[in-house]
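Engineer: Please find the sequence and the predicted model below.
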Amino acid sequence: MTATLVKEASPPAPVHPDGARGRRLRRRGRVIALLFVFPALLLLGALVVYPVLFSVGRSLFDASGNEFVGAENYAEMFRDPTTLTAVRNTAIWVVVAPTLLTGLGLILAVLVEKVRWATAFKLLLFMPMAVSFLAAGIIFRLAYDEDPDKGVLNAAVVSVHDAFEGTSAYPTARARDGEGLTKQADGSYVTGADLSPGGTAALGLVGVAPKDLPGDARPAAAAAAGKANSDEVRGVVYLDFIPGGGGKPGVVDREESGLPGVTVEAVRDGKTVAGTTTAADGSFRLTGLDGGSYAIKLPSSNFAAPYDGISWLGPALVTPAIIGAYLWIWTGFAMVLIGAGLAALPRDALEAARMDGANEWQIFRRITVPLLAPVLTVVFVTLVINVMKVFDLVYIIAPGPVQEDATVLATQMWLVSFGGGNNQGLGSALGVLLLLLVIPAMVFNVRRFRRSQR
Amino acid sequence: MNAIRRGLGNTVVQAFLVVIGLVWMTPLAGLFLSSLRSAEDTAEGGWWTVFTSPGQLSFDNYSALLENSGITQAFWNTVLISVPTTVLVVVVAALAGYAFAWLDFPGREPVFLLVVALLVVPVQIGLLPVAKLFGQLGLFGTIPGVVLFHVAYGLPFAVFLLRNYFAEMPKEMLEAARMDGGSEWRIFTRLVLPVGRPAIASLAIFQFLWVWNDMLVALLFADSSSQPLTVQLQSQIRQFGSNIDVLAPGAFLSLVVPVVVFFAFQRHFVQGVMAGSVK
């Protein structure tokens, strides 16, 4: 894997001093050589090899470390629900993240070749690789915030949603009982079906806090007194409440405010025949009505609870959300690596296909991807190894209460060993499991290296 | 006709890439703008409100940060951890890399294969045993302890990289130097290190950033007086919502150094990261 950039070496030929002094010199040479490698071997032996062996041994003992339990910790891994979640989440990570990254990297690598500012683009996408997982975690914790006034993602989702669905002006409003408006099962309010064209209606609502009134709201009394033409129903929707008290329920008192922006519909025999929105003083006119009697309806959209966006960091979406943050960091890597492979493709194969009239998609599908397969494999495998050990991002982005839903092997190993669990037997077993999972990569590396030495 | 279609296609591609580029920039821009806003403004609304009501931005959070001794101490700890680690990894790995490439000693081949095998060993497996070991040696909770752990886990890749690079040197060059009676130490410092400079530079930059950005290792091995910036900031995440005026500038402070290194040494950095991604 490493070999994408590291040139593989030709077999090294140790220099043997020969001649009469040979043996002594050679022994001296060996001593010097050992002095050169000693610091590295000491550190690797004490801090890498010994810990591996220790962990394997420790994983066979219980939490206290006194009692030998055999494979019990490994069985426990698949019994304990949280650890099982960690295994499952790691599996999701390992399948989803490398696949998306390789795909996205491939698409971007192909596309970026077509623009003149390719280098700048590559730099921009690669830059997150320089950013720590901690900083990236803080960035995305902020972006995923559930409050649309804090998290940019929900701000975007909510504004898109509201652009299509509209916002409800008065989510808390309701009508007083017995004042003419009846609440329907769907949340709307209707009057009795007894209004004829030329009639007027004063529809009082309560439950709107004065601070929630739109700034342009005007008193409704003047409009309530207006007369209707013969082909229309007129009226006001008003706040049937005076802060500080006073006023009669069901009557438009002088200080009472109109409610602007309320959708009002005229309904006849269950069918909506006219609709409008109230003005600043709460007044509305439903025009173009034939004779007969109508009911006035305030549809439920006026009272819908505000849309809060998506709970990105809730139990259901937390893993996909963290994978999203991971994509931000690693896409540049996949793109640059695949781009290097792309640059090494034989130009004439592509040119010949183009000459034969193949379109860009056919060239991509039939020539580029098959020729790139080895590079794509390298990228994919590299990502799998890295994804398996993902720790910081999960630890930082998942809020405390959902840590258990987001946990992966690396975080679980941490939590079990040091974060309160304090079961170092199970923790060691999780560490060994992580090691076992990367052994195929280990074998792959060793084989590849030995092949390069022949 | 075809040319027109191609031109149109290119415009679509350009537009798509511009959108992707903007999406990629937004998180960083959001963090930076957040870091310039007061806690009150942050409680009122998101960073994008600065576009409609400017005048919220100031460097006050940063001056507060620089007066926060916990943060400044952690910043220096980060430097005191990453610089010695980088130097040690380069020196120890260069010595070993040269020996594996050009010196003769018993067990050279199998030992190097072991180093290759260690390339992918996860850091996690070392945490517990090394913590016990460091506890006995009195290194637990100290900067030297953090440094030693990082050096050990940086070595397999570093030795692998440098050994392969050194092995490419022309044999004649080394033989000529030996004929001239140069000692191995002299050959190493005067010939091998200068020749290996490109690989050493990539390794050093990669290693520096790796350690600068580390949180996991320091989370365990550093105590409150030796903890780096990442750990110090991590400890404030629990009250995320109310701490954004510390976390955002803190995160920005911690990523300024790597990003500057990234732009200053793009080529080395990209090579180092791509070569080191196996870890």
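Structural biologist: Okay, I see it.
Engineer: Who's the closest spatial neighbour of residue B:151, skipping the chain neighbours?
Structural biologist: Distance criterion CB to CB, 6 or more residues apart in numbering or on different chains; nearest residue to residue B:151, sequence neighbours excluded, is residue B:88 at 4.8 Å. (Glycine included, C-beta is placed from N, CA and C.)
Engineer: name the element the one you found belongs to?
Structural biologist: Assigned by DSSP states H and E, residue B:88 belongs to helix B:69-102.
Engineer: For the stretch 201-350 of chain A, just list every one of the strands.
Structural biologist: In the stretch 201-350 of chain A, the strands defined using DSSP state E, counting those that start in this stretch lie at A:233-239, A:263-268, A:271-277, A:283-286, A:295-298.
Engineer: Around chain B, pick out the residues from the stretch 51-200 of chain A.
Structural biologist: Taking CB under 8 Å from any CB of the partner chain as the contact definition, the stretch 51-200 of chain A meets chain B at A:51-52, A:54-55, A:58, A:108, A:111-112, A:114-115, A:121, A:123-143, A:145, A:149-152, A:155.
Engineer: how deep is residue B:63 tucked in, by neighbour count?
Structural biologist: Residue B:63 has 11 neighbours, counted by other CB atoms under 10 Å in any protein chain shown.
Engineer: Check for me that it belongs to a helix.
Structural biologist: Yes. Assigned with DSSP: H, G, I helix; E, B strand; the rest coil, residue B:63 falls within a helix.
Engineer: ok, residue A:406 - contacts?
Structural biologist: By CB atoms under 8 Å, 6 or more residues apart in numbering or on different chains, the residues touching residue A:406 are A:89, A:318-319, A:322, A:394, A:397-398.
Engineer: Which residue lies nearest to it in three dimensions, sequence-adjacent residues excluded?
Structural biologist: Leaving out its chain neighbours, the residue that sits closest to residue A:406 by CB to CB, 6+ apart is residue A:398, at 3.7 Å.
Engineer: one step back: I'd like the distance between the residue nearest to residue B:151 and residue B:230.
Structural biologist: Remark: distance between residue B:88 and residue B:230 (CB to CB, to the nearest Å) = 20 Å.
Engineer: of those two, who's got more company?
Structural biologist: Using other CB under 10 Å as the criterion, residue B:88 and residue B:230 rank with residue B:230 on top: 29 against 21.
Engineer: lowest average confidence, helix or strand, in the chain?
Structural biologist: In the absence of a named chain, chain A is used. helix A:221-224 (a mean of 79; mean pLDDT, DSSP states H and E).
Engineer: nope, chain B
Structural biologist: Scoring the helices and strands of chain B by mean pLDDT, DSSP H and E places helix B:266-276 at the bottom, with a mean of 71.
Engineer: Against residue A:223, how distant is the residue lying closest to residue A:289 once chain neighbours are set aside?
Structural biologist: Nearest non-adjacent residue to residue A:289, counting by CB to CB, 6+ apart: residue A:197, 4.4 Å away. Computed as CB to CB, the residue A:197 to residue A:223 distance reads 18 Å.
Engineer: Low-confidence ranges, chain A, go.
Structural biologist: Scanning chain A with the threshold set as pLDDT under 70 gives A:1-21, A:166-168.
Engineer: what residue is smack in the middle of it?
Structural biologist: Nearest residue to the geometric centre of chain A (CA atoms, centre = their mean): residue A:321, 2.5 Å.
Engineer: Just the element for the nearest residue to residue B:123 once chain neighbours are set aside, please.
Structural biologist: Nearest residue to residue B:123 in three dimensions, chain neighbours excluded: residue B:153, at 5.4 Å (CB to CB, 6+ apart). According to DSSP H and E, residue B:153 maps onto helix B:143-167.
Engineer: quick revisit: contacting residues for the residue nearest to the centre of chain A?
Structural biologist: Each residue near residue A:321 by CB under 8 Å, 6+ apart is listed here: A:140, A:144, A:312-313, A:397.
Engineer: Count residues in the vicinity of residue B:175, would you?
Structural biologist: By other CB under 10 Å, the residues close to residue B:175 number 12.
Engineer: Confirm that it sits in a strand.
Structural biologist: No. Assigned with three-state DSSP, residue B:175 falls outside any strand and is helix.
Engineer: my read: residue A:144 touches residue A:151, true?
Structural biologist: Yes. If you go by CB atoms under 8 Å, residue A:144 and residue A:151 touch, sitting 5.6 Å apart.
Engineer: before we move on, back to that, point out the most buried one among the strands of the stretch 201-350 of chain A.
Structural biologist: Among the strands of the stretch 201-350 of chain A, ranked by average contacts under mean count of other CB atoms under 10 Å in any protein chain shown, first place goes to strand A:233-239 (a mean of 27).
Engineer: how far does it sit from the chain's center?
Structural biologist: Strand A:233-239 sits 45 Å away from the centroid of its parent chain (CA atoms, centre = their mean, to the nearest Å).
Engineer: between it and strand A:271-277, how many degrees?
Structural biologist: Comparing the axes of strand A:233-239 and strand A:271-277 via axes from the mean of the first three to the mean of the last three CA atoms, to 10 degrees yields an angle of 60 degrees.
Engineer: Stretch B:231-247: end-to-end distance?
Structural biologist: 12 Å (CA to CA, to the nearest Å).
Engineer: now do stretch A:174-187
Structural biologist: End-to-end distance of stretch A:174-187 (CA to CA): 10 Å.
Engineer: now do stretch A:257-275
Structural biologist: End-to-end distance for stretch A:257-275, by CA to CA: 22 Å.
Engineer: repeat for stretch A:56-75
Structural biologist: 15 Å.
Engineer: can you check stretch A:240-255 too?
Structural biologist: The straight-line separation of the ends of stretch A:240-255 (CA to CA) is 10 Å.
Engineer: Tell me the buried residues in that stretch?
Structural biologist: A:240-241, A:247, A:252-253 (16 or more other CB atoms under 10 Å in any protein chain shown).
Engineer: what does that stretch contact?
Structural biologist: A:176, A:179-180, A:202, A:204-206, A:208, A:210, A:219-221, A:224, A:236, A:238, A:256.
Engineer: Swap in 6 Å and give it another go.
Structural biologist: A:176, A:179, A:202, A:204, A:206, A:210, A:220-221, A:224, A:238 (CB atoms under 6 Å, 6 or more residues apart in numbering or on different chains).
Engineer: Just the closest of the residues you listed to residue A:385, please.
Structural biologist: The closest of these to residue A:385 turns out to be residue A:210 (CB to CB; 60.4 Å).
Engineer: So for the closest one, what's the nearest residue that isn't a sequence neighbour?
Structural biologist: residue A:243 (5.2 Å).
Engineer: Now do the one you found against chain B, distance only.
Structural biologist: Distance of residue A:243 to chain B, computed by CB to the nearest CB, to the nearest Å: 25 Å.
Engineer: what's the spacing between that residue and residue A:282?
Structural biologist: On the measure of CB to CB, residue A:243 and residue A:282 end up 16 Å apart.
Engineer: coming back round to it: quick one: which of the contacts of residue A:406 is most hemmed in?
Structural biologist: residue A:397 (30 neighbours).
Engineer: mind checking how far that residue is from residue A:318?
Structural biologist: Taking CB to CB, one finds residue A:397 at 8 Å from residue A:318.
Engineer: Next: residue A:340.
Structural biologist: From residue A:340 to residue A:318 the distance is 34 Å (CB to CB).
Engineer: next one: residue A:395
Structural biologist: Going from residue A:395 to residue A:318 by CB to CB gives 12 Å.
Engineer: Secondary structure element for the spatially most central residue of chain B, which one?
Structural biologist: Centroid-nearest residue in chain B, with CA atoms, centre = their mean: residue B:209, separated by 1.5 Å. According to DSSP H and E, residue B:209 maps onto helix B:197-213.
Engineer: circling back to that earlier point, between the contacts of stretch A:240-255, which is closest to residue B:225?
Structural biologist: Using CB to CB, the contacts of stretch A:240-255 come closest to residue B:225 at residue A:210, 54.1 Å.
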